[in-house]
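K.L.:
here is my input, please return the structure:
(chains A and B)
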Amino acid sequence: MQVASVTNLTVKYGRKTAVSDLTAVVPEGCVGLLGPNGAGKTTLIKTLLGFVIPAGGSGEVLGLNVATQGLQIRQRIGLMPEQDCHIPGINAVSFVSYAGELAGMPAKDAMRRAHETLEYCGLGEARYRNVETYSTGMKQRIKLAQALVHGPRLLFLDEPTNGLDPAGRDDMLNLVKDVAVSKGINVIVSSHLLPDIERTCTSVIVMRSGKVVQQGLVADLQKTAGVQIEVELQLPSDAFGMVAASRGATVLSNMGTRYRLDLPINSLQTSEFVFGIAKEAGVQVRGFQPALRSLEDIFLEAVE
Amino acid sequence: MSTEPEKTQPDFMLDVPQVDPFGHRSDTVSAANPIADLSYRNYTGPLNSHTFRWWVVALAGIRAARQKKGFWAIAGVSVLPYLFSLIGLYLQSRMPVNVNNPITNNTVGQKYASSFFQLTDFNLFMMFVMTLMVGSGSISADNRSNALLVYLSKPLTKVDYLIGKWMGIFTTLFAVALAPALILYIYCIMTFWSDGIFHQEPWLLTRVLLACALPAALHASLMVGFSAWCKTPRVAGAIYAGFYFFSGIVSGIIWMIRTHGNMSEQVLLRHISVSGLMRGMVQNVYNVTDKVTSFGSGMPSITDISAPSAKGVFLISLIVGGIGIMAARARIRAVEVVTG
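P.N.:
Numbering: from 1, shown residues only, chains lettered A, B, ... in the order given. Next up, the predicted model:
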């Protein structure tokens, strides 16, 4: 099931083409949108929100046409923009309640929901303070709250951990994950921080120069070709690497007690092969597991 | 003595959901219930129609204006001329009938309209100050805090946003101008009913409404334009104030050069400024002649100045107001689009 899709999408700003002939499918769940600066991520989001009319091609969000049904789309989605944004001169409850009313909620419902949403986003009693006095972390939370207040089915988060300290970042990522998993809201996260995407998203779309260069489930993309494993030894040992190489394995990396090996065998013989090397090298194996590519590897491979 | 609470219903009914006089079922989870689950859940409640979504924006503007102390101060000052006039009318009504009041225009159809025109004319400056206070930040403050992203990421078009902002300014200005005028009107009707006020000037209420609404509409249209193109309320206010006074000075100089100060010549030209257009519209609405004191031969003399051409004044006001709104419309967008 898909929540959004674009087919042969072309977006132009005047004479400049920002996105050309882009085709992508956004599946349900939490999806990461990756790409270097100028890849077209923000343009794609703007187009999906109905802010920008495509010069060519078509797009759909929750079954609605992006070119003609922008208003209906924005009724069903929530946007947490990258930059600071708030209504000046009011406190957080009034701000979020106002955002709810703008989405069509009756004033009473909007106020009740504002309290619920701000509580959920962890603003607690700070919700009665003027937004202009908030720290960066609190501003990020209130942006999420205003995007959630009207109960969207799809949430766009643009750099949700921008400017947050490690603890704040951790809280925000937990919140994003909870929104996607426990609350059943589809989420599209655009971020430059690959660990954030790796932690929260089940799928990714990697873009470069206005094109999709890699797309799929994170788990699938992280799978390596052949049989690659990561072995952790009790103590660092040069002998382990030499024995492994003599038996036909390739040592891909070695960091202290950790080895990444590419084995010349099928996966069923892995344990026998690893323990054989360890026995010959005289080292103790603490553990081993199939090696996975990091999102950074996938990203660099896709954009280079 | 037993401490067991008294049963209010038989045992067989305890599991049956009860409905209170307000129609709430006892088994329904609600925020009013102390053990209700108040954690976040998806919203499935009702949604208002999109047609009047702009009113939410307008209401927020009115609310923001009301919270300013300056608003109440200016509103209070705007009431004063009407209050003095009301006292004056009261005293006049106590005088013998044959005492002639030199200030009052006793021409049939202009007696009360003339008073209302003078009061509205005096209050036009207060309306300008009020516009600076409530209108300068209407869009510029949103520009500064990137609030447009919040507005336009909701199911709201930029026309809804613009109408809301315009209405927020207009309604505030209109209400502040109308409230004292309406009180005076009611007083006049009650006091001078026997004098035939309603028969002499049957359209006075309509004129009062229009005389308050038209300047407010022009102020609101221009202010949204200036505010949309500025990043801070102060700058927007300063530029609008500059435009307001500069246009008055320029039109005055041009008129002076062309007519050598003859008040009854080129009346329309003298009104081609923000304040002049408003004055011209109000004068046309009340359909009164203006009394201007001049010192042509050293001695002061009162000259009757007719209203400027209604067509000209309304057409120019429409164009100027339209330019303000179009300028705002061109500037309001959810995303910065770099072309070229």
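
K.L.:
is any residue of the helix or strand hosting B:A179 near chain A?
P.N.:
If you go by DSSP states H and E, B:A179 is part of helix B:158-192. No. Residues of helix B:158-192 are not located near chain A by CB under 8 Å from any CB of the partner chain, the shortest gap being 9.1 Å. Where C-beta positions appear, they are placed from N, C-alpha and C, glycine not excepted.

K.L.:
for that helix, name the packing helices and strands.
P.N.:
Here helix B:158-192 touches helix B:53-66, helix B:69-94, helix B:111-135, helix B:137-144, helix B:147-152, helix B:197-200, helix B:204-228, helix B:310-331, going by 3 or more CB pairs under 8 Å, 6 or more residues apart in numbering or on different chains; DSSP states H and E.

K.L.:
in TSV: those helices, plus mean neighbour count.
P.N.:
What follows is the helices and strands packed on helix B:158-192, written out as TSV (neighbours: other CB atoms under 10 Å in any protein chain shown):
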stretch	mean neighbour count
helix B:53-66	20
helix B:69-94	15
helix B:111-135	22
helix B:137-144	23
helix B:147-152	22
helix B:197-200	14
helix B:204-228	23
helix B:310-331	16
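
K.L.:
B:H271 touches B:G280, doesn't it?
P.N.:
Yes. With contacts counted by CB atoms under 8 Å, B:H271 reaches B:G280, the gap being 4.0 Å.

K.L.:
quick one: A:V26 from A:V61, how far?
P.N.:
Look at A:V26 and A:V61: by CB to CB, to the nearest Å, they are 8 Å apart.

K.L.:
and A:Y98, by the same measure?
P.N.:
For A:Y98 relative to A:V61 (CB to CB), the value is 24 Å.

K.L.:
also B:S138?
P.N.:
For B:S138 relative to A:V61 (CB to CB), the value is 31 Å.

K.L.:
same question for A:I197.
P.N.:
Remark: distance between A:I197 and A:V61 (CB to CB) = 21 Å.

K.L.:
neighbour count winner among these two?
P.N.:
A:V61 (28 against 24; other CB atoms under 10 Å in any protein chain shown).

K.L.:
quick check: bridge partners of that one?
P.N.:
Listed beta-bridge partners, A:V61: A:A4, A:L64 (assigned using DSSP bridges).

K.L.:
which residue is the nearest non-sequential neighbour of the residue of the stretch 1-150 of chain B found nearest chain A?
P.N.:
Closest contact between the stretch 1-150 of chain B and chain A, by CB to the nearest CB, is at B:Y43 (2.9 Å). Spatial nearest neighbour of B:Y43, chain neighbours left out: A:G151 (2.9 Å); criterion: CB to CB, 6 or more residues apart in numbering or on different chains.

K.L.:
tell me which parts of the stretch 1-150 of chain B are close to chain A?
P.N.:
Counting by CB under 8 Å from any CB, the stretch 1-150 of chain B sits next to chain A at B:31, B:38-50, B:53, B:56-57, B:60, B:64, B:67, B:137, B:141-142, B:144-150.

K.L.:
6 Å instead?
P.N.:
B:31, B:40, B:42-43, B:45, B:47-48, B:56, B:141, B:145-147, B:149-150 (CB under 6 Å from any CB of the partner chain).

K.L.:
and A:D238, how many neighbours does it have?
P.N.:
A:D238, neighbours per other CB under 10 Å, totals 9.

K.L.:
just the element for A:R199, please.
P.N.:
Going by DSSP H and E, A:R199 is in helix A:194-200.

K.L.:
pull out the buried residues from the helix or strand where B:R258 lies.
P.N.:
Per DSSP H and E, B:R258 falls inside helix B:233-259. Buried residues in helix B:233-259, counting neighbours by 16 or more other CB atoms under 10 Å in any protein chain shown, are found at B:P233, B:V235, B:A236, B:G237, B:I239, B:Y240, B:A241, B:Y244, B:S247, B:G248, B:S251, B:W255.

K.L.:
near chain A too, which of the residues you listed?
P.N.:
Applying CB under 6 Å from any CB to these, none is adjacent to chain A.

K.L.:
of those, closest to chain A?
P.N.:
B:P233 (9.1 Å).

K.L.:
pLDDT (mean, whole number) over stretch A:166-175?
P.N.:
Averaging pLDDT along stretch A:166-175 gives 91.

K.L.:
that one: which residues count as buried?
P.N.:
A:G168, A:R169, A:D171, A:M172, A:L173, A:L175.

K.L.:
distance between that stretch and the chain's centre?
P.N.:
14 Å (CA atoms, centre = their mean, to the nearest Å).

K.L.:
now do it: everything it contacts.
P.N.:
Contacts with stretch A:166-175, where a contact means CB atoms under 6 Å, 6 or more residues apart in numbering or on different chains, come from A:G137, A:P160, A:T161, A:L164, A:R199, A:T200.

K.L.:
can you give me the buried ones in stretch A:71-78?
P.N.:
Those would be A:L71, A:Q72, A:I73, A:R74, A:Q75, A:R76, A:I77, A:G78, for stretch A:71-78 by 16+ other CB under 10 Å.

K.L.:
quick one: which of those residues sit in strands?
P.N.:
A:I77, A:G78 (DSSP state E).

K.L.:
so which of the buried residues of stretch A:71-78 also contact chain B?
P.N.:
Within these, those near chain B by CB under 6 Å from any CB are A:L71, A:R74, A:Q75.

K.L.:
for the first one, what are its contacts?
P.N.:
Applying CB under 6 Å, 6+ apart to A:L71 gives the contacts B:P155.

K.L.:
before we move on, what about the last one?
P.N.:
With contact taken as CB under 6 Å, 6+ apart, A:Q75 is in contact with B:P155.

K.L.:
repeat for the second one
P.N.:
For A:R74, the contact set (CB under 6 Å, 6+ apart) comprises B:P155.

K.L.:
burial of the residue of the stretch 51-200 of chain A found nearest chain B, as a residue count?
P.N.:
Relative to chain B, the nearest point of the stretch 51-200 of chain A is A:G151 (2.9 Å; CB to the nearest CB). Neighbourhood size, A:G151 [other CB under 10 Å]: 21.

K.L.:
give me the pLDDT value at it.
P.N.:
92.

K.L.:
surely it and B:N42 touch.
P.N.:
Yes. The criterion here is CB atoms under 6 Å, and A:G151 meets it with B:N42 at 4.4 Å.

K.L.:
low-confidence bits of the stretch 201-304 of chain A, can you list those?
P.N.:
Filtered on pLDDT under 70, the stretch 201-304 of chain A yields the residue ranges A:267.

K.L.:
for chain B, what is the nearest residue in it?
P.N.:
Counting by CB to the nearest CB, the stretch 201-304 of chain A gets nearest chain B through A:G210, at 15.1 Å.
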